[in-house]
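Novice: Here is the input, now give the coordinates:
(one chain, ligands or ions: 1)
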Amino acid sequence: MTTLAPNPAAARRGAVAPGPRGVPLLGSLPQWKSDTAQFLLRTQRDHGEVSRMRLGPYTVHLVTAPDAVGRVLKENNANYTRGVLYEQFRLVMGDGLLTTDGDYWKSHRRAVQPVFLRKAVSAIGPNVVRATREMLDDWEVRARRGEPVDLVTETLRLTLVTLSRSLFGYDIRPAAPVLKDIVDNVIEVMFKHGSVGELLPSWLPTRRNRLIARDRRIFTRLVTEIRDNHAATGEGPLMELIEAATDPVTGARWTDDEIRDEMLTIYLAGHETTAVALLWTLVSIANHPAVAEELDQELEQVLGGGECAPEDVERLPYTSQVVDESLRMYPPIWIYPRDAVADDELGGFHIPGGSSVLLSPLVSQRNPRYWDNPEAFDPHRFDPERVRERPRMTYFPFGAGARMCIGNFMALLELRMITAMIHQRFRLRLVPGDFLRYGDTSISLRPMTRVLALPEPREAGARA
Ligand code: HEM
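Specialist: The predicted model follows:
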């Protein structure tokens, strides 16, 4: 087990947090850019659970001490705004739930919340089953030809189709490649964070700014189609709420721009994250035969080869733990920032107003102080008695507090159902490759290359 530096409790209250020295002007930017995740894991190991570094012009604190994470996300969350890194998102997504703060954010969150409540999300069940069945039928054909599937493309398409049908009542299949392009560009925008390009004004016709403007034009056209479709069919419970939403002060309907930005946010935040989580879950199962076997036993016993309905999920604790463990090791949103408005103290260290705080589910969830042998994939970490032993905020793949992911119940239900359905019908044999690389400076943990796998149909599943 790795030992950590003697921190989080600072010896002297209000002290400046320790951290990597970095180089003149750039600070730790070179290490950050070469492999962000590994750099941050090393920083936690060497400097403790609250550390300070300079990234170019920014002073940044990496915060992984559970109490301090809780203070940022919950107890003192009013002091921590989205900050400079979220400005990058705003360029593409505009003013949606992910990028706004204050009363605007609150009224928008309230307006759309009802479809995301725990008891409401089971309504997505039939769409999850239908889209997964469509995908698996296609895998059946490809398996007969001995053709591999690319898990990156397959999972992105599956979660996009499910989200679009379930929330917006819209069959997005013909437009799926367009959405994929937009997602790739969002990732590129985040990827370039810290480069000179980011400091140039958004009206300059740089390649990056042209790409963003093009994406927003394309999505604006798609929004018109989705809204027209809803007007004609009445389908899509989220579309219904968005069309009816009003400003709580003026009583005015949301403008077309407000609607577009919120739809873009939900489409982008909702499907890429879930796809990445599903991909790592499938890869982890394929790499751990003992996990696959235990999964088999549970699925055989509970579902007996049949498809998975939302009400079945409660009776699949091991399947849920496999997903939980995958979200521990590979949290799709593995890092996110806040800016401190006023001075604060975290883990005993001084946090100056105006400086940034980085929270990283990936680094926290691999902290050897709370996770024994953190690099091992072990779903039994989520046995209920072991969960109770761990402090809160050692695990937060969906964030926490008021800004916790609005789609967490939906994502978990989808991930559990899809994992169960795939595993009942197929074993995935991964085609060796360089895909287990993560930790680029992107905000998403999507592998940067294809992830090829051969789907091998299973007797019982195939019969069912
Ligand atoms: C495994 C899948 C998912 C993961 C890991 C994930 C993760 C997160 C995280 C960590 C945040 C908080 C970011 C922060 O506090 O800065 C967040 C926010 C958000 N997520 Fe998710 N998410 C997932 C699925 C979804 C889905 C399915 C939807 C919608 C359909 C969604 C929509 C959103 C939105 C709109 C926000 C902003 C919420 C707010 O600030 O009010 N996410 N997500």
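Novice: show me the contacts for the closest residue in space to Thr162 that isn't next to it in sequence.
Specialist: Distances taken as Cβ to Cβ, 6 or more residues apart in numbering place Ala131 nearest to Thr162, at 4.7 Å, with adjacent residues excluded. From N, CA and C alone the C-beta is placed, and that goes for glycine too. Ala131 sits next to Leu158, Val161, Thr162, Arg165 when contact means Cβ atoms under 8 Å, 6 or more residues apart in numbering.
Novice: Could you identify which of those residues has the most neighbours?
Specialist: Of all these, the most densely surrounded is Thr162 (25 neighbours; neighbours counted as other Cβ atoms under 10 Å).
Novice: Show me the contact partners of the host helix or strand of that residue.
Specialist: Taking DSSP states H and E as the definition, Thr162 sits inside helix 151-163. Here helix 151-163 makes contact (Cβ under 8 Å, 6+ apart) with 124, 127-128, 131-132, 134-135, 171-173, 176, 179-180, 183, 266-267, 270-272, 274-276, 278-279, 282-283, 414, 418, 428, 446-447, 450-453.
Novice: circling back to that earlier point, can you tell me the helix or strand for the residue nearest to Thr162?
Specialist: helix 125-144.
Novice: do that helix and the ligand meet?
Specialist: No: contact check for helix 125-144 against the ligand, using Cβ under 6 Å from any ligand atom: none in range, with a minimum separation of 11.6 Å.
Novice: now stretch 95-114
Specialist: Yes: residues of stretch 95-114 are located near the ligand by Cβ under 6 Å from any ligand atom, namely Leu97, Leu98, Arg109.
Novice: Return the backbone torsion pair for the last one.
Specialist: Here the main-chain torsion angles of Arg109 (degrees, to the nearest 10) amount to phi -60, psi -40.
Novice: Please name the nearest non-neighbouring residue to it.
Specialist: Once flanking residues are discounted, Arg109 sits nearest to Leu97: 6.0 Å by Cβ to Cβ, 6+ apart.
Novice: Name the helix or strand for that neighbour, please.
Specialist: With DSSP H and E as the criterion, Leu97 is inside neither a helix nor a strand.
Novice: so how far is Ala213 from the residue in the chain that the ligand sits nearest to?
Specialist: Taking Cβ to the nearest ligand atom as the measure, the point where the chain comes nearest the ligand is Gly407, at 2.2 Å. Gly407 sits 27 Å away from Ala213, going by Cβ to Cβ, to the nearest Å.
Novice: Also Pro24?
Specialist: Distance of Pro24 to Ala213, given as Cβ to Cβ: 36 Å.
Novice: Going along the chain, name the strands of the stretch 301-450 of the chain.
Specialist: For the stretch 301-450 of the chain, the strands identified by DSSP state E, counting those that start in this stretch occupy 336-340, 344-346, 349-351, 356-359, 426-430, in order along the chain.
Novice: Contacts for the first one, please.
Specialist: Put plainly, it is strand 336-340. Strand 336-340 has contacts (Cβ under 8 Å, 6+ apart) with 60, 72, 79-86, 351-360, 399, 443.
Novice: same thing with the third one?
Specialist: Contacts of strand 349-351 with the rest of the structure, by Cβ under 8 Å, 6+ apart, involve 10, 14-17, 50, 52, 61, 340, 343-345, 357.
Novice: Helix or strand for Glu298, just tell me which one.
Specialist: Glu298 belongs to helix 289-302 when assigned by DSSP H and E.
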